[in-house]
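# Structure of the sequence below:
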Amino acid sequence: MSDGPSDREIARINAEHLISTPLHPADLLFVFGTRRGVGETVDAAVDLWRRGFFRHAIVSGGATGAGGITECTTIKTAMVAGGVPADMILEEHRATNTGENVVFSLPVIDAALGRGNVRSVICLGKVCTSRRYPMTLHRHWPEVVKMLATINCYKVPVERWHVDPEFRAHVLDEWRKIEPYKAKGYIADWP
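Below is the predicted model of the structure:
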């Protein structure tokens, strides 16, 4: 590859990876922790709450800096400040990657809500990771209906991801993880 992905690869990534789904009200919003795009993530979560798209949320993400404050604490605090009731937000504070977000959150969800009572989930995270969120959730919780909402924390629109060097690097890095992660059993095919 020369300066960037080919037109064919861009088209394939756009069609297969940089996706979102139609959203319907869900039992649970699964907020994947992040250090980049926290404001956009919180804004999207608060907007979904105000529009009645979830009854409960879980925020997952461990400590990311020297201060020891977890991504979960940062995001939940801002969601509550935006109007989401604190008692509607479950917390997971140990995860350091997408797989751990799911694996560590499932017992929290089960204890608080009962996994069998949750029939639908909206995954919320960064656009560059897109379909890997529901693919990871599908690997560990196949029976729940999954939807996907993403945030864009870059300076260009999603359809122009390939012209921004940083956005392009993140998308290509995430895109290249899909097949190896499937082969290792970290994620599962999800429509």
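
# roughly how far apart are Val38 and Phe32?
Using C-beta to C-beta, to the nearest Å, one gets 12 Å for the distance from Val38 to Phe32. C-beta: built from backbone N, CA, C; applies to glycine.

# Mind checking which of the two has more residues around it?
Comparing Val38 with Phe32 by other C-beta atoms under 10 Å, the one with more neighbours is Phe32, at 26 against 17.

# Look up phi and psi at that one.
Backbone torsions of Phe32, given as degrees, to the nearest 10, read phi -80, psi 120.

# List the contacts of Leu124.
Under the criterion of C-beta atoms under 8 Å, 6 or more residues apart in numbering, the contact list for Leu124 reads 29-32, 41, 44-45, 48, 133, 149-151.

# what's the answer for Ile187, then?
Under the criterion of C-beta under 8 Å, 6+ apart, the contact list for Ile187 reads 132, 135-136, 138-139, 178, 181.

# Just confirm it is within a helix.
No: when classified by DSSP: H, G, I helix; E, B strand; the rest coil, Ile187 is found to be coil rather than part of a helix.

# Can you tell me which helices and strands the top helix by length along the chain packs against?
Longest among the helix segments of the chain by residue count, using DSSP state H, is helix 165-184. If contacts are counted by 3 or more C-beta pairs under 8 Å, 6 or more residues apart in numbering; DSSP states H and E, helix 165-184 sits against helix 7-16, helix 132-140.
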